[in-house]
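In: This is the structure alone, sequence omitted:
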């Protein structure tokens, strides 16, 4: 047997034995759902809402700004794309003629870009709160100087009136083509962060920190109506589909762009420096917040949440010409596609931390990123190849890896798909991990060749041969992946052992099978421990009740706590010693509950110690099981009831008696006269606390019978009677 005593378990022997004692029950980690696959990292791999991996749309990096952040983007005639950056406050241009810097506005951040009907570019900045007009040659002129710190968004109506969303006073300004400005709407919020027009030419505006979505008429007398009061704090992006349905992305968290930017502006103002702190503003503008919700608002004003997340935010939102809704998210730099029922697909997973802006021109979709500031074009065909890295599998302790298997649909080329694994003992893969394995070929189950360890990661590689005929085709899609493993056996651990008060006994819980059936494991539960734990749990109550405690004189009860790092089933044996551990006698074995009541009547009065041994043998072969043991503190068993000895003489109206116990102390002595109520009596020394106490009782005249009752610490009761004249 591989039993181990805690006192003799050294580090070296533990390491040695843990490599030879394997737990018997294997575990299987399955990847089947959208959330399972979304936890990994993909390059050119799409993840569908129903939990499939497939080649995603191809993408081309067309612009590298060498700036850390891209805050804004716009597209003009002839498919010319513009992006605004931070920390340098530059505007870049990309078109068929090439790409490069158009202008440096000498402000830390370009937060908004828009083009008028004459294809002239306008840029909103912070923390100076200015709007610049930029010509084709890159010459910038100050077009509007606000009295606010930030220009968060710009929008032109059909008459080339420019609407300017600002912070930190939450005002929307209107500037007509002649340059005449007016205060269009004061939201009473700190920030207006997003603008869009609906089909009726009303202006939609999203605010912070109240998380309000306004619809504002654009006539001579603007009137605002709140379409949405979000539970979150910032309406970050708005778009409208061809049917007039409004989509809005809201976010919440301490790292929100506008609030942090507001704090930065306040800090700048308090220091008396109007130039602003570009580094500070730029850093916070793409910090991921804590929560995200995407709302759908129909023409009747009915609001429905179609997507939510507690770990990402949306920096931008677009309804494509084909009706699909796409989100630009952080903090993993992903583009998600949503339909009206909330089904989602991971379209694009960039190497950058955030996708901060989306623009569409005809059939072309562009994505701008931050950390680093780059521009990508997303194609309409599947990528040539792709790679997916799973989330790291944590087996809980050093484990032997079993097989990897997968289910694929419409397999057109087995040579185009390959799986690989690597393993290590650090949560984050690095140089200390093994190399990637050679490809596995058997989808029904190939033995994993990566070395034994605590952690494992698998990789899926698509080659050009596996490319489908259309975007997000089912060709060679992966439906599920399974990895099995078996932990090396580790010994159980006894962490506490309690001896309960004298006379406390544990009553057995009576259980009965459910109506019309039996518990798993057969009619008598004989093979319950042979079943997988998930099957055993089918009939188990949600919480196991503690056994009922009852009083039985002379009993002593013990309870203990034990755990097993492999989550093995445990059994227990008890040994008892009455000579301080010199000799041991078997008390009980094969216990399954961590408690036991000793029948004190079976033992002579005296002091005892109990040893509890925990075994993991129910879940392991006999030659691989391990154990741990723990000793109790000494405790006393007393069976003999207190004895009452009467003094032979009676002096006057007094009678004397002595009460003696076995090996414990007296707890209480009471008396009754002629069958009356019981009353407490104190001994001659005033305290009932010794194995032997002397008493003197005053007996009133006319009393004929004195009864005495004595109770010791173990609850043993002795009685005595005396007739008196």
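Out: Ah, there it is. From a predicted model like this one, the values you see are computed outputs, not experimental measurements.
In: Show me how the protein divides into domains.
Out: 24-53+387-487, 57-382, 492-637, 643-723 (automatic domain parsing).
In: ranking the ones you listed by burial, who's on top?
Out: domain 57-382 (a mean of 19; mean count of other CB atoms under 10 Å). All C-beta spots, glycine's among them, are computed from the backbone N, C-alpha and C.
In: next one: it to chain centre, how far?
Out: 31 Å (CA atoms, centre = their mean, to the nearest Å).
In: Show the average pLDDT along that domain.
Out: Averaged over domain 57-382, pLDDT sits at 86.
In: I'd assumed residue 445 was in contact with residue 407.
Out: No - applying CB atoms under 8 Å as the test, residue 407 and residue 445 come out as separate, 11.4 Å apart.
In: For residue 231, list the residues it contacts.
Out: Contacts for residue 231 (CB atoms under 8 Å, 6 or more residues apart in numbering) come out as 211, 250, 252, 293.
In: from the residues you listed, which two are the most distant?
Out: Pairwise distances across those peak at 9.4 Å for 211 and 293 (criterion: CB to CB).
In: joint contacts of the two?
Out: 230-232, 250.
In: pretty sure residue 591 contacts residue 562?
Out: No - in this structure, residue 591 is not within contact of residue 562 by CB under 8 Å, at 10.9 Å.
In: Return every residue with contacts to both of these two.
Out: Joint contacts of residue 591 and residue 562 (CB under 8 Å, 6+ apart) are residue 572.
In: related to what we said a few turns ago, how about JSON lines for the shared contacts of residue 211 and residue 293, with distance to residue 316 and secondary structure added?
Out: Putting the shared contacts of residue 211 and residue 293 into JSON lines (distance: CB to CB, whole Å; DSSP: H, G, I helix; E, B strand; the rest coil) gives the following:
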{"residue": "230", "distance to residue 316": "17", "secondary structure": "coil"}
{"residue": "231", "distance to residue 316": "21", "secondary structure": "coil"}
{"residue": "232", "distance to residue 316": "16", "secondary structure": "coil"}
{"residue": "250", "distance to residue 316": "13", "secondary structure": "strand"}
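In: between these, which is nearest residue 699?
Out: residue 231 (80.6 Å).
In: Distance of the closest one relative to residue 577?
Out: Distance, residue 231 to residue 577, by CB to CB, to the nearest Å: 64 Å.
In: now residue 507
Out: Relative to residue 577, and taking CB to CB, residue 507 is found at 27 Å.
In: Could you do residue 71 as well?
Out: From residue 71 to residue 577 the distance is 76 Å (CB to CB).
In: With secondary structure and distance to residue 462 added, can I get the contacts of residue 231 in a markdown table?
Out: A markdown table is the format used below for the contacts of residue 231 (DSSP: H, G, I helix; E, B strand; the rest coil; distance: CB to CB, whole Å):
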| residue | secondary structure | distance to residue 462 |
| --- | --- | --- |
| 211 | coil | 41 |
| 250 | strand | 35 |
| 252 | strand | 37 |
| 293 | strand | 33 |
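In: Using TSV, lay out these together with distance to residue 497.
Out: Shown next, in TSV, are the contacts of residue 231 (distance: CB to CB, whole Å):
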residue	distance to residue 497
211	55
250	54
252	49
293	51
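In: residues touching residue 352, list them.
Out: Residue 352 touches 333, 369-372, 374, counting by CB under 8 Å, 6+ apart.
In: Dump the residues you listed to CSV, plus distance to residue 719 and secondary structure.
Out: Output for those, formatted as CSV (distance: CB to CB, whole Å; three-state DSSP):
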residue, distance to residue 719, secondary structure
333, 84, coil
369, 90, strand
370, 88, strand
371, 86, coil
372, 91, coil
374, 94, strand
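In: Return the set of residues that bridge with residue 370.
Out: Beta-bridge partners for residue 370, by DSSP bridges, are residue 354.
In: and the gap between it and residue 109?
Out: 11 Å.
In: How about residue 123?
Out: Residue 123 is 10 Å from residue 109, by CB to CB.
In: Then residue 630?
Out: In terms of CB to CB, residue 630 sits 64 Å off from residue 109.
In: again with residue 244
Out: Taking CB to CB, one finds residue 244 at 33 Å from residue 109.
In: Quick check: residue 41 touching residue 389?
Out: Yes - if you go by CB under 8 Å, residue 41 and residue 389 touch, sitting 4.5 Å apart.
In: Show me where the stretch 201-350 of the chain has its helices.
Out: 257-271, 278-284 (DSSP state H, counting those that start in this stretch).
In: let me fix that: the chain
Out: Secondary structure of the chain (DSSP state H): helices at 11-18, 34-38, 257-271, 278-284, 533-536.
In: how close does residue 392 sit to residue 418?
Out: On the measure of CB to CB, residue 392 and residue 418 end up 20 Å apart.
In: Residue 38 now?
Out: 22 Å.
In: I'd like the contacts of residue 352 written out as CSV, with distance to residue 676 added.
Out: Output for those, formatted as CSV (distance: CB to CB, whole Å):
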residue, distance to residue 676
333, 89
369, 93
370, 91
371, 90
372, 95
374, 98
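In: can you give me the end-to-end distance of stretch 62-77?
Out: Distance across stretch 62-77, first residue to last, is 18 Å (CA to CA, to the nearest Å).
In: Sorry, slip of the keys, the one I care about is stretch 615-626.
Out: So stretch 615-626: terminal residues 6 Å apart, CA to CA.
In: before we move on, the earlier item: with distance to residue 363 as extra columns, can I get the shared contacts of residue 211 and residue 293 in a markdown table?
Out: Formatted as a markdown table, the shared contacts of residue 211 and residue 293 follow (distance: CB to CB, whole Å):
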| residue | distance to residue 363 |
| --- | --- |
| 230 | 33 |
| 231 | 36 |
| 232 | 33 |
| 250 | 29 |
